[in-house]
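Colleague: here are the coordinates; sequence isn't available:
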C-alpha cells in the first residue's frame, strides 16, 4: 500500500485528491491545520470503505516550528513516503507577516513546502521511485520574483502576493528537479484549473469547476506510470505544458532556492541538499 501525503487536504482540491487516492487503496496522510479537523476528516474518510486508509497529520503552515513538528508526525507514520503532494495554499486579503517574519502568502504557499520537503527527503529517498507533486497555478504568468518581498513586502496586493507565490512554486520545482537529477525521485508542478474552492471564492469570487476535475492532474502525477521518469515539468489537464518564460529562468530558480535555504536555516539543522 503506497503512502502518500497531501497538504491542505481538509477541503477543496486537496480533499478530492485524498478521496481519489484512497480509492486506489493508497494510505493517505491527510494534512489539516488543526488536529481536530484532520482527525475528524480522516475518520469520516475511513468510514467510506474505499479500501485505502486515511491517517491524520496536522500543523499550521504559517509557523515553521509547526512544519517541523508536522514532518516528525510523518516520520512516525512509516519508514518511507512514496509521494508528497504540496497542495495547501492561501489567498490572503490583507498583508501580514507570520510569527517568523515572513510574508504570509509566500510563507504558506512556498516556504512551508520547501521546509517540509527538505525534512521529508529521507523518507522519499527510502521509497522506490518516489514523486513530489507541486500544485501551482496559471496565475504564475502574472508573477514576479523579488526576494526582498519575502520579509519586507512592497506595493503589496492580494493577487500579486498569490501569483508571486505560484511563480515561486514553478521556479522551486525547477531547482529541486536539478538537485534530484541523480536520484529516482521526480518532482513536477501543475495548474489544477479554475476550480470552485474556498481559495477561488476568496480571491476571485464565485465560479469555477468541480474539485473532482481539479484533483485529476495531481492524481495523475502521483500515480500514472506514463510520468514515472518525468521531472521538472509543468502540467495542465494531465498534459506537459510550457509555463511562462519567467518560470524557466534558471538564475531566478537558483536565487529562490538559495534565499529559501537562508531564511529557513534555523529549521534545517543537519539536513542535506543545501546547495
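Modeller: Ah, there it is. Everything numeric in this text was worked out from a predicted model, so none of it was measured. Residues are numbered from 1 along each chain as shown.
Colleague: residue 49: what secondary structure?
Modeller: Secondary structure for residue 49, judged by DSSP: H, G, I helix; E, B strand; the rest coil, is coil.
Colleague: neighbours around it, how many?
Modeller: 7 (other Cβ atoms under 10 Å). C-betas here are computed from N, CA, C, even on glycine.
Colleague: do you know how far it is from residue 173?
Modeller: Note on residue 49: its distance to residue 173, by Cβ to Cβ, to the nearest Å, is 35 Å.
Colleague: tell me where the stretch 1-150 of the chain has helices.
Modeller: Using DSSP state H, counting those that start in this stretch, the helices of the stretch 1-150 of the chain run over 12-22, 35-46, 64-77, 104-106, 112-126.
Colleague: so which elements touch the longest one?
Modeller: Spelled out, that is helix 112-126. Packing partners of helix 112-126 (3 or more Cβ pairs under 8 Å, 6 or more residues apart in numbering; DSSP states H and E): helix 64-77, strand 83-86, strand 131-135, helix 158-179, helix 250-264.
Colleague: the shortest one pairs with which strands?
Modeller: With DSSP bridges as the test, strand 83-86 is paired with strand 3-6 (parallel), strand 131-135 (parallel).
Colleague: one step back: single out the most deeply packed of the helices and strands packed on helix 112-126.
Modeller: strand 83-86 (a mean of 28; mean count of other Cβ atoms under 10 Å).
Colleague: now residue 129: how far from residue 169?
Modeller: For residue 129 relative to residue 169 (Cβ to Cβ), the value is 22 Å.
Colleague: ditto for residue 231
Modeller: Look at residue 231 and residue 169: by Cβ to Cβ, they are 15 Å apart.
Colleague: how about residue 216?
Modeller: 18 Å.
Colleague: same check, this time on residue 123
Modeller: Residue 123 sits 21 Å away from residue 169, going by Cβ to Cβ.
Colleague: okay, which residue is most central for the chain?
Modeller: In the chain, the residue lying closest to the centroid (Cα atoms, centre = their mean) is residue 86, at 1.7 Å.
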